[in-house]
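Asker: Build me a model from this:
(2 chains)
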Amino acid sequence: MTLIFIIKRMTYDFNKIEKKWQDYWAKNQTFKAENKSEKPKFYVLDMFPYPSGAGLHVGHPLGYIASDIYARYKRHQGFNVLHPQGYDSFGLPAEQYAIQTGQHPAVTTAENIKTYRRQLDQIGFSFDWSREVRTSDPSYYKWTQWIFIQLFNSWYNNDSNKAEDISTLEKLFASEGNSKVNAVCDADIMSFSAEDWNAFDSKKQQQILLQYRLTYLAETEVNWCPALGTVLANDEIVNGVSERGGHPVIRKKMTQWSMRISAYAERLLQGLDKIDWTDSLKESQRNWIGKSVGASVVFPILSFPGGEEKAGSQNRAGYMTGGNNSHLLLERARDMRAKPTLAEAALWEQLRNKNLDSKFRQQHLIGDFIVDFVCLSKKLIVEVDGKIHESQLEEDAKRTEILENDYYKVVRFTNEEVLGNIENVLEKIQNELAHRECHKSDSRKSEQIPPSGVRGIKVFTTRPDTIFGVSFMTLAPEHELVSQITTPAQKGDVEAYILATAKRSERDRMADVKTISGAFTGAYAEHPFTKQPIPVWIGDYVLAGYGTGAVMSVPCGDQRDYDFAKHFNIPIPNIFSPLTPKGGTEDSLNLIETEAFTEKAGFVLKNSDFLNGLDYKEATKKAIQELEKLGQGEGKTNYRLRDAVFSRQRYWGEPFPVYYDETGMPQMIDKKFLPIELPEVEKYLPTETGEPPLGNAKEWHWLQYGDDAKIVSKEAFESSSPSGRLGGALELNTMPGWAGSSWYFNRYMDPGNTEAFASKEALDYWKDVDLYIGGSEHATGHLLYSRFWQKFLFDKGVVPVDEYAKKLINQGMILGTSAFVYRFSWMVMSNPDKGFDILDPKMPYFFITKSKYEKIKEGNAEETKKTKDFFLNTLNEIFPDSEISLGGEISMQLNPTHVDVSFVNSSDELNIEQFKNWREYYSNAKFISEDDGTFKVKREVEKMSKSKYNVVNPDQICIDYGADSLRLYEMFLGPLEQYKPWNTAGITGVHNFLKKLWKLYHQGENGAFYVTSSSPSGRLGGAVSPPSEGLGEALKTLHKTIKKVQEDIENFSFNTSVSTFMIAVNELTAQKCTSKDILEPLLVLLSPYAPHIAEELWSQLGHNESISTAAFPIFDASHLVESSKNYPISFNGKMRFTLELPMDFDAKQIEEAVMANEKTQEQLAGRTPKKVIIVPGKIVNIVG
RNA sequence: GCUCAAGUGGCGGAAUUGGUAGACGCGCCGGAUUCAAAAUCCGGUUCUUCGGAGUGCGGGUUCGAUUCCCGCCUUGAGUACCA
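Answerer: So this is what the prediction gives:
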């Protein structure tokens, strides 16, 4: 017996249903995730949205719908699902708006968030809103500031290969100096001993530590836009001017906070292998990190302008230092050596020849100074001051300070002291020497110093195996050696070239990579092995910013070197011996006749001394070994990844928890005082003195006595008591947009925590994101920086995993379908006496429908004439008093103009009335329509954007079709990761599907709910027919659907499951299925996609609880077993007909049946098949 | 230039390990219902000279290729002389 229950007549009132269930979910906190649960966890995350003023357009929810389907599916699977949402609410647009309107960004941001929230709610997402975070909320950015402090208090230890607390570094410095420390740090670090360190004052120590910290202050060259008063990122500059406003941009050096992300380059690269992210995304991160393995090689410089340096001597390094103008100073030093003062001569007599056991040099160049005497190994400078120094005490003091900064000690004596009591002077010097540790100039540290002076030209190469192919060196024009080594004869050429390069803008240099240019410096370097001189050139194909800014040019193995050599007639020695397929070499074949041979295989080396006969791998290894023996090179890995600038001259961002003390050193504010809240300012522009907007804050000085601290005005700070006082001016920059988004996924685990950014329990439970969905445009920004922070936090033991997202999917963009109308006009000529004003407001705009436009474009004379007549007649009607004539046909103007897509229907017909009302100046527009009276527009797919009038807002779609239709349709459009145009026309398809679905459950009289139950103890009681009786076809449909939908969700192929649902409903409708056994599980399948209608029908089935955690139906293959198969019968691979045969036929039986069939004989037309391929259960293919 | 992704009807797209190419939907065409329209329902819809041909183009492997291999073309994205 079958029980029938009829509830009441209902139509699919989606607006009412959707509102009802959205309210229900909110009221019952249906999607709240628990931090303690017996269930397995699953974390589904969407990329943080920026709440823009324009609100959501239909492209935004695409990824959210996909992740929501997955989250809901996982709930049906029995997981405790964390699916949070929040806002990356600091950012430029709100600030720009504040600048224009004076409205506080916090106010506009809050309004925008409200709109976003309303729009998100109406789509029915299963977010746990109790965990919402906003980056601009002080309770959130408190922890962003805290992480910044952790970075400041850390350094990267290459030996332990992780970040460590800065205190461990201080201990090392105090006990052994820095020579053995293997840290990631600034490039220009001087070595010091433990004694030096302990003798340094606090400021000096802090300056040194800053060179090791993971976030540090440094002078960085930035893109400065004076008009906007801020630094711009590279992608904010378009064609050399600012993207916003088109203002000029200049290169400027500024002191900024930087993040030492380069410390993590290798781990960021290696980590990619552990995570399931899209290949293209990993690929762009790999490119960005840009690892290249090779060697660094030093080429000594053979000739200096003065000729006083000779190449080849081993103890050259450290012999002399000097800045860019050293060659000028050197001449002066020589002069002074020749004409010493009496006192100098006397002292030199005593110091020379190692009378004091230390080697001294006289009139030597240190940095940009010529000092009287210096002991390089002990870094002791002895100055003998004549009368003249009394008048320049200040300059001397400054000079002393600079030298001391380089760890030199300066002792001064007067002429009188030296001449009067030279014994005393020598004793003092001896004393100093005894207290100073010996400085080895060739320590590991000094190798990190960029090449300068006689150290030679340091290059990085990925092909050390080709070192015998070097025929010249090329330096970047900006290289600091250029001015030092250029010979007088070449000076003119070189300077002219440098000037010409400097003039060329970045853009010119980029656009014009084909032109080869350069200049010879006149200098020669020495080949490390052959000791042959190699000419040194400069060329702008070598970039100052990469590697060492210099290359060893191997024209036979590098195309750019090859082109350069050809252009300047530099020899191209060949070192490649091509391999034949048999393994021998074939030297008659010249690999480099027309271009460089850049392959790393298929050759052995020749003309390469000890590398002869070796291949790429062997030779690379051998070359590095030999270079290391000579001390002129070593194996080296280079990364393109640069440290990230972390300061922005902006208001609407996180303030730094930093003040500058009286010595000007940055100090972190203690954790207990966080957050440092963003101050109020009167205007959001830079100050008159060019300081960032925070410079406008009246109170922005830190004033702290012990546990008491407050932010006060400059005056209040200066008048406060200095005793026990901490504090100073607060940092004026704010953090960049990526600060808050680099760790938010951790905050969602425990967003309300006030003691930590998340509790250990929460972090250990949720661990990482299982599924992360977002746009690929963040590939090298957010997604790289956030991995860096996560690894850092992992090193510090704060988070349990070092990769925060196991799987990441990129959703494609939904593009707009822009509409264009064609405007046309002719050149108008009128009689001067009876003229009319072309700017007369009565002068209308003329538009022509698409097909006629196309005819005219093709040169259709008739259509052109008609259009012309229409134009002229219309004008004559409007201006009856004028005599108007037109220019020739050639002067006809046809311009496509964007028109708002809301005026255009799905058949591309323009609503002329709406269009006329759109703009005042269109109100009297004239139209040439199609012959049937419609006016058609041209369509084109473009990015969705306000300025293209092609934005489609989800609000209206929800009103017209409902959120379930929108969700299904966005998924139905195509594969998630693909870019695809939005076309509202198709939404009726999925909407009809939902109506059909509704009908399937409402097959009662007058559309009443009607479901038959066969369950003996069903919820509504009653009896009883054997389960599944007579449901064969329906069960097959159901289980086919279960299988497909489950596979689809797990493969993120959401578009195909929508088709599957349609097929299922079509089939069940055809079967007139009313069985609860079928229709109930079907709802669970559908619920992730169309949750509102699923909830409604679920409750109509008699359930009192939400469908959201109902168990996902289990696929049972037995329902799909077929007894026969409709075999496709192919002839030579082409399917000609099908044949129904029993499933249990074996190959032989199939062949007999097929060959016996008359259609087979017809196809064969008397031929005998050569071969019959039979795959039982699949196909039959007859060949012949 | 390099790297990655993608090219299938009028359109969005499907074909999951090589096995019936064009599922599903839109649009279009025809029909039913209606005084009429909307809505709904039913049927058709790759091209075709009715033999066949056909998944960007040209080759190859295979009994069989949208799927695998080689070469090319086009489009989109990222990157910009990376030594």
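
Asker: Any buried residues in stretch A:1058-1065, and which?
Answerer: A:1058, A:1060-1062, A:1064-1065 (16 or more other CB atoms under 10 Å). The C-beta positions use only the backbone N, C-alpha and C, and glycine is treated the same way.

Asker: Surely A:P535 forms part of a strand?
Answerer: Yes - counting by DSSP: H, G, I helix; E, B strand; the rest coil, A:P535 is found in a strand.

Asker: before we move on, the earlier item: any chance of a markdown table for the buried residues of stretch A:1058-1065, columns secondary structure and distance to A:R117?
Answerer: Shown next, in a markdown table, are the buried residues of stretch A:1058-1065 (DSSP: H, G, I helix; E, B strand; the rest coil; distance: CB to CB, whole Å):
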| residue | secondary structure | distance to A:R117 |
| --- | --- | --- |
| A:V1058 | helix | 27 |
| A:T1060 | helix | 33 |
| A:F1061 | helix | 29 |
| A:M1062 | helix | 32 |
| A:A1064 | helix | 34 |
| A:V1065 | helix | 33 |
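
Asker: How about A:A194, nearest residue that isn't a chain neighbour?
Answerer: Leaving out its chain neighbours, the residue that sits closest to A:A194 by CB to CB, 6 or more residues apart in numbering is A:G177, at 4.8 Å.

Asker: tell me which residues of stretch A:699-712 are tucked away?
Answerer: Quick answer for stretch A:699-712 (16+ other CB under 10 Å): A:699-704, A:709, A:711-712.

Asker: now, which of the residues you listed lie within strands?
Answerer: A:699-704, A:709, A:711-712 (DSSP state E).

Asker: Please determine how far A:E344 is located from A:F14.
Answerer: 98 Å (CB to CB, to the nearest Å).

Asker: Could you list the domains of chain A?
Answerer: Chain A resolves into domains spanning A:3-12+A:954-1120, A:31-133+A:738-810, A:292-298+A:449-638, A:319-440, A:816-937, A:1124-1183 when parsed by automatic domain parsing.

Asker: what's the least confident stretch among these?
Answerer: In terms of average pLDDT, domain A:319-440 trails the rest of the domains of chain A, at a mean of 68.

Asker: And the strands in the stretch 451-600 of chain A?
Answerer: Taking DSSP state E, counting those that start in this stretch, the strands of the stretch 451-600 of chain A run over residues A:457-461, A:472-475, A:519-526, A:533-538, A:550-553, A:576-578.

Asker: In a helix, A:E854, correct?
Answerer: Yes - residue state for A:E854 (three-state DSSP) corresponds to a helix.

Asker: Kindly provide the distance from the residue of chain A found nearest RNA strand B to A:M971.
Answerer: Residue nearest to RNA strand B within chain A: A:G989 (2.1 Å; CB to the nearest atom of the strand). For A:G989, the distance to A:M971 equals 12 Å [CB to CB].

Asker: Could you tell me how many residues sit around A:K672?
Answerer: 7 (other CB atoms under 10 Å).

Asker: With adjacent residues omitted, what lies nearest to it?
Answerer: Leaving aside its chain neighbours, A:K672 sits nearest to A:D707 (7.6 Å; criterion: CB to CB, 6+ apart).

Asker: Quick check on the one you found: phi, psi?
Answerer: When read as degrees, to the nearest 10, the backbone of A:D707 gives phi -90, psi 0.

Asker: pretty sure A:G55 contacts A:N953?
Answerer: Yes - using CB atoms under 8 Å, A:G55 makes contact with A:N953 at a distance of 7.1 Å.

Asker: interface residues of the stretch 1051-1184 of chain A facing RNA strand B?
Answerer: A:1051, A:1053, A:1055-1056, A:1058-1059, A:1062-1063, A:1066, A:1126, A:1128, A:1130, A:1132-1135, A:1138, A:1171, A:1173, A:1175, A:1178-1179, A:1181, A:1183 (CB under 7 Å from any atom of the strand).

Asker: Tell me how far A:Q704 lies from A:T109.
Answerer: Applying CB to CB to A:Q704 and A:T109 gives a distance of 31 Å.

Asker: ok so, going back, specify the local secondary structure of the residue of chain A closest to RNA strand B.
Answerer: At A:G989 the chain is in helix, as set by three-state DSSP.

Asker: Contacts only, for it.
Answerer: Under the criterion of CB atoms under 8 Å, 6 or more residues apart in numbering, the neighbours of A:G989 are A:969, A:972.

Asker: cool, the one 5 residues further on as well?
Answerer: A:L994 makes contact with A:12, A:14, A:962, A:964-965, A:968, A:1090, A:1093, according to CB under 8 Å, 6+ apart.

Asker: Phi first, then psi, for it.
Answerer: phi -60, psi -40.

Asker: Around RNA strand B, which positions in the stretch 501-650 of chain A sit nearby?
Answerer: So the stretch 501-650 of chain A meets RNA strand B at A:509-510, A:513, A:540-543, A:546-547, A:549, A:551-552, A:558, A:560, A:638, A:640 (CB under 7 Å from any atom of the strand).

Asker: Between these, which sits nearest A:S89?
Answerer: Within those, proximity to A:S89 (CB to CB) peaks at A:R640, which comes in at 32.3 Å.

Asker: and the one helix or strand A:A623 maps to, what does it pack onto?
Answerer: In the assignment (DSSP states H and E), A:A623 maps to helix A:616-630. Applying 3 or more CB pairs under 8 Å, 6 or more residues apart in numbering; DSSP states H and E, we find helix A:616-630 packed against strand A:292-299, strand A:633-638.

Asker: my guess is A:P555 meets A:F568, correct?
Answerer: No - if you go by CB under 8 Å, A:P555 and A:F568 don't touch, sitting 10.2 Å apart.

Asker: So if I had to pick from the two, which one is more boxed in?
Answerer: More crowded of A:P555 and A:F568, by other CB under 10 Å: A:P555, with 25 against 16.

Asker: For the more buried one, list the residues it contacts.
Answerer: By CB under 8 Å, 6+ apart, the neighbours of A:P555 are A:469, A:471-472, A:561-562, A:564-566, A:570, A:572-573, A:596.

Asker: All the helices of the stretch 401-550 of chain A, residue numbers only.
Answerer: In the stretch 401-550 of chain A, the helices defined using DSSP state H, counting those that start in this stretch lie at A:415-420, A:422-435, A:482-485, A:488-503, A:506-511.

Asker: Likewise for the stretch 101-250 of chain A?
Answerer: A:105-122, A:138-152, A:166-176, A:194-199, A:202-210.

Asker: can you put those helices in JSON lines and add distance to RNA strand B and mean neighbour count?
Answerer: Shown next, in JSON lines, are the helices of the stretch 101-250 of chain A (distance: least, CB to the nearest atom of the strand, whole Å; neighbours: other CB atoms under 10 Å):
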{"stretch": "helix A:105-122", "distance to RNA strand B": "23", "mean neighbour count": "17"}
{"stretch": "helix A:138-152", "distance to RNA strand B": "24", "mean neighbour count": "21"}
{"stretch": "helix A:166-176", "distance to RNA strand B": "29", "mean neighbour count": "15"}
{"stretch": "helix A:194-199", "distance to RNA strand B": "34", "mean neighbour count": "16"}
{"stretch": "helix A:202-210", "distance to RNA strand B": "26", "mean neighbour count": "16"}
